[in-house]
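Participant: Got a predicted model here, sequence first, then my questions.
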2 protein chains.
Amino acid sequence: MIIQNPTTIKTIAAKLGISKGTVSKALQDSHEISIATKNRVLEAASELHYKPNHFASGLKSRKSKAIAVIVPEIADSFFSLAIKGIETITQKKGYHINIYITNDQISKEKEIFKLLSDGRVDGVLISICRDATCSDHIKELMDIGIPLVFFDRAVENIETGRVVTDDFTSGYNAARHLIEQGCKRVCFFSISENLSILQKRVEGFKQALSENNIIDACNNVYQISTDGNKCIETITSLLSDPDLRPDGIVISVELLTIPIYMACKALNISIPEDLKVICFSNLQYASLLSPPLTTITQPAFEIGEQAASLICSAITNNRSLKNEKIICPSRLDVRNSSLVTGNWA
Amino acid sequence: MIIQNPTTIKTIAAKLGISKGTVSKALQDSHEISIATKNRVLEAASELHYKPNHFASGLKSRKSKAIAVIVPEIADSFFSLAIKGIETITQKKGYHINIYITNDQISKEKEIFKLLSDGRVDGVLISICRDATCSDHIKELMDIGIPLVFFDRAVENIETGRVVTDDFTSGYNAARHLIEQGCKRVCFFSISENLSILQKRVEGFKQALSENNIIDACNNVYQISTDGNKCIETITSLLSDPDLRPDGIVISVELLTIPIYMACKALNISIPEDLKVICFSNLQYASLLSPPLTTITQPAFEIGEQAASLICSAITNNRSLKNEKIICPSRLDVRNSSLVTGNWA
DNA sequence: TTTATTTGCGAAACCGGTTGCGTGTTACCA
DNA sequence: TGGTAACACGCAACCGGTTTCGCAAATAAA
């Protein structure tokens, strides 16, 4: 094993008896170098397996050709698809992506931002964490000139690019669909009061309810803990209390699907006869579940692509991101979990 | 917006009236700097929001504190979980991870390796792509001194670290389970003849068959295209041909699950009565499918953790990776898709 | 007091590629 | 043939930390 690749621009210069600068310019196809010299340099470079040093070029150019992608979770069909969308674009444009996972913890999100201030990345794509109570760390990084684009989970009061879905409309459509299926007591299961996208979904949800004169005195929006045991407990108690028990649920995030299906099975509540369910989800397997799950399907891949395109053009063209808001509409995929007739295969 | 963070080591030196070198040493807590000076430097640094420049330090140290993670796919429960495992370790040890997706294309894999030769990463974790016919690009990168660890999909004849599951045993157990459930004609659905881990699963599978005197004259290992339409076609024709049609299938990879369930539904083949199915899969939703899917569950998260630990110690301790092979055993999760009685909820 | 030793810091080279400027050569035109 | 411009390349500073070396002052030992 060779310990290091020792071929530098100096090696080539020495071999050809020319100067460092000439080699550098030749490699950049500069007009001030003759074709003959360029060819000699190119040949020597390939012969010596020359690879430009990332640190040396970055030191001058202040560009890393890397983008940070910060997500709360990666073992999730929305985020993994979004990352895939991001990658297709960044790969084409010659950018590398650094992945950071916050596990929905603001403390970790802050640590990550500290790491990013050393010029390691040229831009940031982020879906913020659930308990994001403050966003100073985000502003600080933007203040030192690093462009940032939110995708899906965004901070409202930071002026920069954002790529989201039509959350209000989706929440509205979800609720309306359940009402159309005859639900009388519709609930919304959420995981955070802080995330603006969830607030908007709730607003749409409430709009649909009020349009249909469903004005339930008691609150019908529930914040469910995502901690394994607590989650099941809360759901179980909600579904088993005859006074609270809904006949339709809009689930705001995919990760609540499993506990709800499990709780229903345990409580002998059958979907959709006793309870109709619709979920914001990108699960490929939705149609194979028992019963097949009605979903609000976000265009995760496209959201990733759009966000990546935005950040790339901000970096290369110095494009301003203020007022850049891209909305990729979601799709309602009706399946058996929300239908009146329980006839599925 | 401040255009750039202009605070360098020189800024601090100028402010305090000392030299660059002294500041640098003070920041590293060098023994040759007095405590008084260190404190002054530290204070000035925090006051000026000093952040060491990644390129400058990397240029000297030749370390990027970054690791490349190369996977064929990311919207897949095994790989996303493995990445999550990797991230937990690298985050603790202060490493960044760069994600690259090959989409199972050797051409893209090669391009990625070209990009990595500029010193951008200190090490590589890779699960190779399906049609990996040659591995020269991998050897070349290792030759310039970059350590590499395979996880899950490995190249057999490259001597370096690898973290895999007990593929032979898992294949054996999967087949034996189906035989115990009364299957007479058991098939193995694979996606590649090149991947050694799949070869081993097939070997285990065949071993179980021969131990039970199931020696089928015609070949019972099928290579299924993963191209959407072709995939369904192949599966449909296999399942509808009375001479070929199996009563038990071992599915080697998760992504074949959906087409097989779909094909069965379309052909009115009921699982498990007509066909018992077991799949190598990390799907969280396996128990919610209709019918619940029996899986060989790989410890994806742990595989990621182990691979990350290995590469980190190779980088920091210069630990040799030859003969480093870690095997994380898989688990058989029996559910209704492979059971004799079809009584599921 | 003299000689060693330690302590604290500055000067400068270095990592590897980039770039502005200057210079020598050739070519072209008057 | 003299003057000018285009051409091709070398030189050296620069990016921002790191590190070696050397020196002076302070302290310790003799």
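Facilitator: Received the coordinates, thanks. Numbering: from 1, shown residues only, chains lettered A, B, ... in the order given.

Participant: could I have stretch A:114-125 exported to PDB, CA atoms only?
Facilitator: Backbone C-alpha positions of stretch A:114-125 (Å, rounded to 0.1, in the frame of the first residue of the first chain) are rendered in PDB as follows:
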ATOM      1  CA  LYS A 114     -21.600  24.900  15.300                       C
ATOM      2  CA  LEU A 115     -19.800  22.300  13.200                       C
ATOM      3  CA  LEU A 116     -20.900  23.900  10.000                       C
ATOM      4  CA  SER A 117     -19.400  27.300  10.600                       C
ATOM      5  CA  ASP A 118     -15.900  26.300   9.500                       C
ATOM      6  CA  GLY A 119     -16.500  26.600   5.800                       C
ATOM      7  CA  ARG A 120     -17.000  22.900   5.400                       C
ATOM      8  CA  VAL A 121     -20.200  23.300   3.400                       C
ATOM      9  CA  ASP A 122     -21.300  25.900   0.900                       C
ATOM     10  CA  GLY A 123     -25.000  25.700   1.800                       C
ATOM     11  CA  VAL A 124     -27.500  24.100   4.100                       C
ATOM     12  CA  LEU A 125     -30.800  22.200   3.500                       C
END
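
Participant: roughly how far is it from the heart of the chain?
Facilitator: Mean-position distance between stretch A:114-125 and its chain equals 17 Å (C-alpha atoms, centre = their mean, to the nearest Å).

Participant: List the contacts of that stretch.
Facilitator: Stretch A:114-125 is contacted from outside by A:58, A:62-70, A:86, A:95, A:98, A:137, A:140-141, A:144, A:146-151, A:307-308, A:311-312, A:314-315, B:5, B:51-55, B:96, using C-beta atoms under 8 Å, 6 or more residues apart in numbering or on different chains. From N, CA and C alone the C-beta is placed, and that goes for glycine too.

Participant: Averaged pLDDT, it. What do you get?
Facilitator: For stretch A:114-125, mean pLDDT rounds to 96.

Participant: anything in it near DNA strand C?
Facilitator: No: interface with DNA strand C: stretch A:114-125 contributes nothing (C-beta under 7 Å from any atom of the strand), its closest point being 13.5 Å away.

Participant: Next one: that stretch, is it in contact with DNA strand D?
Facilitator: No: with C-beta under 7 Å from any atom of the strand as the measure, stretch A:114-125 is seen stopping short of DNA strand D, the closest distance being 8.3 Å.

Participant: Enumerate the positions of that stretch that are buried.
Facilitator: Of the residues in stretch A:114-125, A:L115, A:L116, A:S117, A:D118, A:G119, A:R120, A:V121, A:D122, A:G123, A:V124, A:L125 count as buried by neighbour count, 16 or more other C-beta atoms under 10 Å in any protein chain shown.

Participant: Roughly how far does the last one sit from A:F150?
Facilitator: Applying C-beta to C-beta, to the nearest Å, one obtains 8 Å for the distance of A:L125 from A:F150.

Participant: and for those two, which residues touch both?
Facilitator: Between them, A:L125 and A:F150 share the neighbouring residues A:A307, with contact defined by C-beta under 8 Å, 6+ apart.

Participant: For A:H49, give me phi and psi.
Facilitator: For A:H49, the backbone dihedrals are phi 50, psi 50 (criterion: degrees, to the nearest 10).

Participant: just checking, it touches A:P6?
Facilitator: No: in this structure, A:H49 sits apart from A:P6 without contact. The criterion is C-beta atoms under 8 Å, and the distance is 10.0 Å.

Participant: Please say which of these two ends up with more neighbours.
Facilitator: The residue with more neighbours, out of A:H49 and A:P6, is A:H49; 13 against 10, by other C-beta atoms under 10 Å in any protein chain shown.

Participant: Not counting sequence-adjacent ones, nearest residue to the more buried one?
Facilitator: Nearest residue to A:H49, sequence neighbours excluded (C-beta to C-beta, 6 or more residues apart in numbering or on different chains): A:T7, at 5.9 Å.

Participant: Could you measure from the one you found over to A:N53?
Facilitator: From A:T7 to A:N53 the distance is 10 Å (C-beta to C-beta).

Participant: Can you list the residue ranges for strands in the stretch 101-250 of chain A?
Facilitator: Taking DSSP state E, counting those that start in this stretch as the test, the strands found in the stretch 101-250 of chain A are A:123-126, A:148-151, A:161-164, A:186-190, A:221-223, A:248-251.

Participant: can you list these in JSON lines and add distance to A:V277?
Facilitator: Converted to JSON lines, those look like this (distance: least, C-beta to C-beta, whole Å):
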{"stretch": "strand A:123-126", "distance to A:V277": "30"}
{"stretch": "strand A:148-151", "distance to A:V277": "26"}
{"stretch": "strand A:161-164", "distance to A:V277": "24"}
{"stretch": "strand A:186-190", "distance to A:V277": "10"}
{"stretch": "strand A:221-223", "distance to A:V277": "14"}
{"stretch": "strand A:248-251", "distance to A:V277": "5"}
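
Participant: Mind checking those for the one nearest to B:Y222?
Facilitator: strand A:248-251 (38.0 Å; C-beta to C-beta).

Participant: does chain B sit close to the lowest-mean-pLDDT helix or strand in chain A?
Facilitator: Taking mean pLDDT, DSSP states H and E as the measure, chain A has helix A:228-240 as its least confident helix or strand, at a mean of 88. No: with C-beta under 8 Å from any C-beta of the partner chain as the criterion, chain B is not reached by helix A:228-240; the gap is at least 12.3 Å.
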